[in-house]
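Here is my input; please provide its structure:
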Amino acid sequence: MKAMSAQDTPQSPLIHLIDDDEAVRDALSLLIGTVGLRVQSWSDPHAFLTSFDRHAIGAIVLDVRMPGISGLTVLDTLIAEGVDQPVIMLTGHGTVSMCRRAFKSGAAEFLEKPVNDELLLEALQNAVRQHIKSRARTQTDAITRARYAQLTEREREVLGLIVGGLTNKEMGRALGLSPRTVETHRANLFDKLEVVSLAQLIRAYAALVDGDLSA
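Below you'll find the model as predicted:
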């Protein structure tokens, strides 16, 4: 495993590079470092699967053909374990069926060796941007779920009716409550969900439904 350079900062995205060819690892590590990305290279895919940082923001560059275990098998393992870093596959002997298999298994990109420098860097930068957005959405969903958990059962009923377009009077009739009581529940759920407008409330509700968080 190759050590990271001293100028790398913990804040920069981390690229894991798995290839059994030392010359390839060295060359690609230098290339990737030119755009400010940290690189951790691995010659042994088993060691990578056991020890790599699953929490880091970044991406994975994975050679298809390696002794002992193929890159496609490593990819399948990553997907099965729920690893969310985007994976870019590299191969010197690519075929249409191999490319199709990689994308079907969840690869973000499939590039042939000798890899074009610009294509690889563009793919990596796109992958990192996508990963940052994905992690941000995950964090937002977790916050929304935690806020939703604070709602009472009655507040959850009111939330559903608000999103359904009912007025306070209509909600009161549906729930057997006075409009004033409905307004109290409405104010409480706005406060607990930390939203200040109907549009924000609807977005929060949509996140709950899309993530199946309201069950």
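
Looking at residue 125 now. What's its pLDDT?
Residue 125 carries a pLDDT value of 95.

how deep is it tucked in, by neighbour count?
Counted with other Cβ atoms under 10 Å, residues neighbouring residue 125 total 15. Heads up, the C-betas are built off the backbone N, CA and C, glycines and all.

Please name the spatially closest residue to the residue at the greatest distance from the centre of the chain (chain neighbours excluded).
Ranking residues of the chain by C-alpha distance from their mean position (Cα atoms, centre = their mean) puts residue 178 at the top, at 44.0 Å. Spatial nearest neighbour of residue 178, excluding adjacent residues (Cβ to Cβ, 6 or more residues apart in numbering): residue 172 at 5.8 Å.

again, but for residue 185
Counting by Cβ to Cβ, 6+ apart, the residue nearest residue 185 is residue 158, at 4.5 Å.

One more: residue 135?
Nearest to residue 135 is residue 57, by Cβ to Cβ, 6+ apart, at 6.4 Å.

Surely the one you found touches residue 133?
No. Proximity of residue 57 to residue 133 does not meet the contact threshold set by Cβ atoms under 8 Å, at 10.6 Å.

Who are the packing partners of the lengthiest helix in the chain?
Scanning the chain for the helix with the most residues, using DSSP state H, yields helix 117-148. Contacts defined by 3 or more Cβ pairs under 8 Å, 6 or more residues apart in numbering; DSSP states H and E place helix 117-148 against helix 22-33, strand 58-63, strand 87-91, strand 109-112, helix 179-193, helix 198-210.

Could you rerun that using 7 Å?
strand 58-63, strand 87-91, strand 109-112, helix 198-210 (3 or more Cβ pairs under 7 Å, 6 or more residues apart in numbering; DSSP states H and E).

what pairs with the third one, and is each one parallel or antiparallel?
Pointing back at strand 109-112 there. strand 87-91 (parallel) (DSSP bridges).

any idea how far the strand it pairs with is from the chain center?
Put simply, strand 87-91 sits 18 Å off its chain's centre (Cα atoms, centre = their mean, to the nearest Å).

do the same with stretch 131-145
8 Å.

what's it in contact with?
57, 58, 59, 84, 85, 86, 204, 207, 208, 211, 213 (Cβ atoms under 7 Å, 6 or more residues apart in numbering).

Just the buried residues of it, please?
By 16 or more other Cβ atoms under 10 Å, the buried positions in stretch 131-145 come out as 131, 144.
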